[in-house]
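Novice: no letters, just coordinates:
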């Protein structure tokens, strides 16, 4: 599964592990991407999106259709 949020484009970022002796080694911080099904009552169908956990919280707060409408206005292309 690709580690990219389909709605926000969040991806992994790089950083360092820092040991007690302050030696630094490269590491990756992965985005918390989950595969989630959402129901669209106006279209009477389910859609599956790979989204960040922070976006799942926002969708639950606003509602999936309102959230997708805002993203479409912002120019994000969503395939479902």
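Specialist: Arrived safely, thanks for sending. The model shown is predicted, which means the values in this text are computed figures rather than measured ones.
Novice: contacting residues around residue 52?
Specialist: By Cβ atoms under 8 Å, 6 or more residues apart in numbering, the residues touching residue 52 are 5, 7, 8, 10, 31, 32, 33, 34. Heads up, the C-betas are built off the backbone N, CA and C, glycines and all.
Novice: export these as JSON lines, with columns for neighbour count.
Specialist: Listed next are these as JSON lines, based on neighbours: other Cβ atoms under 10 Å:
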{"residue": "5", "neighbour count": "20"}
{"residue": "7", "neighbour count": "18"}
{"residue": "8", "neighbour count": "15"}
{"residue": "10", "neighbour count": "18"}
{"residue": "31", "neighbour count": "18"}
{"residue": "32", "neighbour count": "13"}
{"residue": "33", "neighbour count": "20"}
{"residue": "34", "neighbour count": "14"}
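Novice: and those, which is closest to residue 59?
Specialist: Comparing these against residue 59 with Cβ to Cβ places residue 7 closest, at 8.5 Å.
Novice: tell me where this protein has strands.
Specialist: Secondary structure of the chain by DSSP state E: the strands cover 13-18, 24-29, 33-40, 45-52.
Novice: so which bits of the last one are buried?
Specialist: So the one you mean is strand 45-52. Across strand 45-52, burial judged by 16 or more other Cβ atoms under 10 Å covers 49, 51, 52.
Novice: residue furthest from the geometric center of the chain?
Specialist: Going by Cα atoms, centre = their mean, the residue of the chain most distant from its centre is residue 21, 35.3 Å out.
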